[in-house]
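*Asks:* please find the sequence and the predicted model below.
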Amino acid sequence: MRLGFIGTGVIASAVVRGLAGQGHEIRVSARSKARSAALAAEIAEVQIAPLQEILDHSEIVFLGLMAEAAPQILEELSFPAGVRIVSLMAGPDLEQVASLVAPAQATAVMMPFPGIAQGGSAIMALGDTTLLEQIFAPRNTVFALRDAAELEAFLCAQAVMSPVAQLTSAASTWLGGRVADPDQAEAFLRMLISSSLAAGPAEDLIEALNTPGGYNQRLRLHMEEAGMVQQLTAGLDKLES
């Protein structure tokens, strides 16, 4: 496919890297010159192009702009009617994106994560998810959402990654102070947590680790008594509101 990227921030750059080596013709904008230059140097099928050239020569264009900056940047461009637009911007829904890119077709809103660069990542998506699966599956999994409200709920819930990473970092630091190789300690915990959660439902894992008096049960109960679940739910409710 002929793919274009307007904006080359951290997420857009990860998406480009995840598409490398698949035969696509990829044009990226010079916004964030260091990142676009790195992509062009790293990936043979990537070239840096002006914004209008990206629109004129692409079948699908990904918008990787900050939502508040997008209107001013996009209003100066001429969108061909046949171009399909995929937004990577958090905030604007499909209807709002459509108003920015007419007469081009606002095809999908896609919320990827940095892991898309290596594959095996989750993608939240609204709109034409069949197109996104054609581009990104099976290396990644597209989670098709029903409407903007559902996308907003997913965006809130995915924020659990940061506290989970913080807990993992804190446990790694604790373990690293008690063993000879702190790097090995963190690598062990990352692999243990990610592989265990990937194996099946979280409730099944909790039950499997619920040996009476066992290490996992004792620490979980301690954290629950400290208000872990209530504080998490309160935080999610605050994000939603």
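*Replies:* Perfect, I can see it now. Please read these numbers as outputs of a predicted model, since none were measured by experiment.

*Asks:* CA atoms for contacts and neighbours, from now on please.
*Replies:* Noted.

*Asks:* can you confirm Val86 is in a helix?
*Replies:* No: assessed with DSSP: H, G, I helix; E, B strand; the rest coil, Val86 is strand; it does not lie in a helix.

*Asks:* for it, give me its contacts.
*Replies:* Val86 is in contact with Ile60, Val61, Phe62, Leu63, Ala106, Thr107, Ala108, Val109, Met110, counting by Cα atoms under 8 Å, 6 or more residues apart in numbering.

*Asks:* of those residues, which is the nearest to Gln52?
*Replies:* The closest of those to Gln52 turns out to be Val61 (Cα to Cα; 11.1 Å).

*Asks:* my guess is Ser172 contacts Ile193, does it?
*Replies:* No: here Ser172 lies out of contact with Ile193, judged by Cα atoms under 8 Å, at a distance of 11.9 Å.

*Asks:* more neighbours: which of the two?
*Replies:* Ser172 (21 against 12; other Cα atoms under 10 Å).

*Asks:* and the more buried one, what helix or strand is that in?
*Replies:* Assigned by DSSP states H and E, Ser172 belongs to helix 161-176.

*Asks:* quick one: list the elements packing against that helix.
*Replies:* Applying 3 or more Cα pairs under 8 Å, 6 or more residues apart in numbering; DSSP states H and E, one finds that helix 161-176 contacts helix 182-198.

*Asks:* need the contact partners of the helix it packs on.
*Replies:* Under Cα under 8 Å, 6+ apart, the answer for helix 182-198 is Thr168, Ser169, Ser172, Thr173, Leu175, Gly176, Val179, Leu205.

*Asks:* quick check: mean pLDDT across whichever helix or strand comes after that helix?
*Replies:* Downstream of helix 182-198, the first helix or strand assigned by DSSP H and E is helix 202-208. Helix 202-208 shows a mean pLDDT of 97.

*Asks:* and Ala12, what does it touch?
*Replies:* Phe5, Gly64, Leu88.

*Asks:* hang on, Pro112 packs against Ser13?
*Replies:* No: the pair Pro112 / Ser13 is not scored as a contact, 11.0 Å apart, by Cα under 8 Å.

*Asks:* any idea how far Met1 lies from Glu45?
*Replies:* Met1 sits 11 Å away from Glu45, going by Cα to Cα, to the nearest Å.

*Asks:* can you check which residues contact both of the two?
*Replies:* Common contacts of Met1 and Glu45 (Cα under 8 Å, 6+ apart): Gly23, His24, Glu25.

*Asks:* the first one: what's it in contact with?
*Replies:* With contact taken as Cα under 8 Å, 6+ apart, Gly23 is in contact with Met1, Glu45.

*Asks:* can I assume it sits in a helix?
*Replies:* No: using three-state DSSP, the assignment for Gly23 is coil, not a helix.

*Asks:* could you check how far it is from Met1?
*Replies:* Applying Cα to Cα, the value for Gly23 to Met1 is 8 Å.
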